[in-house]
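>>> from the sequence below, what's the structure:
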Amino acid sequence: MTDPDAYFMPAEDAPHAATFMQWPAHRRVYRDPVYRDMVQQTIRDIANAIAEFEPVYLLADEKDHRRARRGLSGGVVLWDVPTDDLWCRDAGPIFVQNEAGDLAVRQIQFNGWGNRQPHGNDARVAARVAERLGLPVLPSGLVGEGGGVEQSGHGLLMAHESSWVNPNRNPGLSRTETGARLLAALGAEQMIWSPGVTGEDITDYHIDSLARFTGPERVLIALPDRPDPRDPFHQAALETHDILAAAGLEIEVIPEPARARIEHPEFVASYANFYVCNGAVIAPHFGDGETDDIAAEALARHFPGREIVMLNVDPLGELGGGIHCATQQMPAA
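Residues are numbered from 1 along each chain as shown. Next up is the predicted model:
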């Protein structure tokens, strides 16, 4: 009998069996066919980069396989799992593991970031993957997204309250109860909350575009060199930094690009939205040579022995996300 309390989510830099990704296909989400093509090509680029280091399973409705396969490497395998959008970190299976190495899928129910976007297929992705793999599905009692919580794999979680203690996800749940359910879901011991920002973006400010664990008590955080006092995200980011520092974590700050290829207030230009796979770190570059180099050097220090692969994923930044948002790791058994 499966004991749901015996499972935990390993650190992202622990060995992987594979990476899961999703194909962006919904015509109501991507009304402009030219832009949809750009986003789809970006997903191919990320999948191909990761497939140099570990298997990649790209989830897509079978009717989309022929289109998705164009330009994909042989290391990317297509699965017939219908999807709406690309954000596998949020809608995909959250894999947990017990001490014996047995895998399960922890169900944090996706609802389109508070019913802001069509998600008829994406809401079922995690369960469908678990069924195909023959894995048990363990309930969490939570609605939300994997990108809304960052975990060290060593007992610590951090999150913005705005993504969880929110009536569009978990009406009636207090911060204390939400935190307790997150700790139980991911097998962690301590929750670090920061307020975040409510209602200014579709995610209500996911933590994984700001701060990431790179060790048991070590964090890499992306901050602007010149914070704008009128920008709620800048002010919330500084507050999160101070809360993490007060919790005793070792923090390294990397700057946001000063001159990104795309200059738009809603463009997410975060070096923190990287993905760690077997033997590599897949990270974004934004066209600012100085800060691109600073980010690459920081990632090499935090993940020694791994190749740093940097990609142009600007179409995802225009959507408010990045590489980490588009991926989900399956731990090695």
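
>>> averaged pLDDT, the longest helix anywhere in the chain. What do you get?
Secondary structure assigned by DSSP state H gives helix 33-51 as the longest helix of the chain. In this model, helix 33-51 carries a mean pLDDT of 97.

>>> stretch 320-333 too?
For stretch 320-333, the per-residue pLDDT averages 96.

>>> circling back: from the rest of the structure, what touches the longest helix of the chain?
Contacts of helix 33-51 with the rest of the structure, by Cβ atoms under 8 Å, 6 or more residues apart in numbering, involve 19, 21-24, 30, 56, 58, 67-68, 70-76, 86, 275, 277, 280, 282, 309, 311-316, 319, 323, 326-327. C-beta coordinates here come from the backbone N, C-alpha and C atoms, glycine included.

>>> what's the first helix or strand after that helix?
strand 56-60 (DSSP states H and E).

>>> so how far is that next one from its chain's centroid?
Centroid separation between strand 56-60 and its chain, computed with Cα atoms, centre = their mean, to the nearest Å, is 16 Å.

>>> pLDDT below threshold where in the stretch 151-300 of the chain?
Within the stretch 151-300 of the chain, no stretch has pLDDT under 70.

>>> tell me where the stretch 151-300 of the chain has helices.
Ranges of helices within the stretch 151-300 of the chain are 175-186, 232-246, 289-302, based on DSSP state H, counting those that start in this stretch.

>>> which residues touch stretch 235-244?
Under the criterion Cβ under 8 Å, 6+ apart, residues 158, 160, 192-197, 205, 207, 210-211, 219, 221, 223-224, 227, 229, 251, 253 lie in contact with stretch 235-244.

>>> need the buried ones from those selected in PyMOL.
Selection of buried members from those for PyMOL, criterion 16 or more other Cβ atoms under 10 Å:
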select buried, resi 158+160+192+193+194+196+197+205+207+210+211+219+221+223+224+251
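
>>> can you mark which positions in the longest helix of the chain are buried?
Those would be 36, 39-40, 42-51, for helix 33-51 by 16+ other Cβ under 10 Å.

>>> could those residues go into a markdown table alongside distance to Gly172?
Below are the buried residues of helix 33-51 laid out as a markdown table (distance: Cβ to Cβ, whole Å):
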| residue | distance to Gly172 |
| --- | --- |
| Arg36 | 38 |
| Val39 | 36 |
| Gln40 | 39 |
| Thr42 | 38 |
| Ile43 | 36 |
| Arg44 | 42 |
| Asp45 | 42 |
| Ile46 | 37 |
| Ala47 | 39 |
| Asn48 | 44 |
| Ala49 | 42 |
| Ile50 | 39 |
| Ala51 | 43 |
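
>>> thinking again about what came up before, quick one: work out the angle between the longest helix of the chain and strand 56-60.
150 degrees (axes from the mean of the first three to the mean of the last three Cα atoms, to 10 degrees).

>>> for helix 33-51, output the C-alpha coordinates as CSV.
Output in CSV follows, covering the C-alpha atoms of helix 33-51 (Å, rounded to 0.1, in the frame of the first residue of the first chain):
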residue,chain,number,x,y,z
PRO,A,33,-0.2,31.8,-36.3
VAL,A,34,3.2,33.5,-36.8
TYR,A,35,3.7,34.0,-33.1
ARG,A,36,2.5,30.4,-32.4
ASP,A,37,5.2,29.1,-34.8
MET,A,38,7.8,31.1,-33.0
VAL,A,39,6.8,29.7,-29.6
GLN,A,40,6.6,26.2,-31.0
GLN,A,41,10.1,26.5,-32.4
THR,A,42,11.4,27.7,-29.1
ILE,A,43,10.0,24.6,-27.5
ARG,A,44,11.8,22.5,-30.1
ASP,A,45,15.0,24.3,-29.3
ILE,A,46,14.8,23.7,-25.6
ALA,A,47,13.8,20.0,-26.1
ASN,A,48,16.7,19.5,-28.5
ALA,A,49,19.2,21.1,-26.1
ILE,A,50,18.1,19.0,-23.1
ALA,A,51,18.0,15.8,-25.3
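
>>> any idea how far it is from the chain center?
For helix 33-51, the distance to the chain centre is 16 Å (Cα atoms, centre = their mean).

>>> winner for burial among the helices of the stretch 151-300 of the chain?
Among those, helix 175-186 has the highest mean neighbour count (mean count of other Cβ atoms under 10 Å), at a mean of 19.

>>> for that helix, give me every contacting residue.
5, 8-9, 94, 96, 106, 108, 138, 140-142, 149, 151, 157, 159, 161, 164-165, 170, 173, 188-191, 193.

>>> can you turn the buried part of those residues into a PyMOL selection?
With 16+ other Cβ under 10 Å as the criterion, this PyMOL line picks the buried residues out of these:
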select buried, resi 8+9+94+96+106+108+138+140+141+142+149+151+157+159+161+164+165+170+173+188+191+193
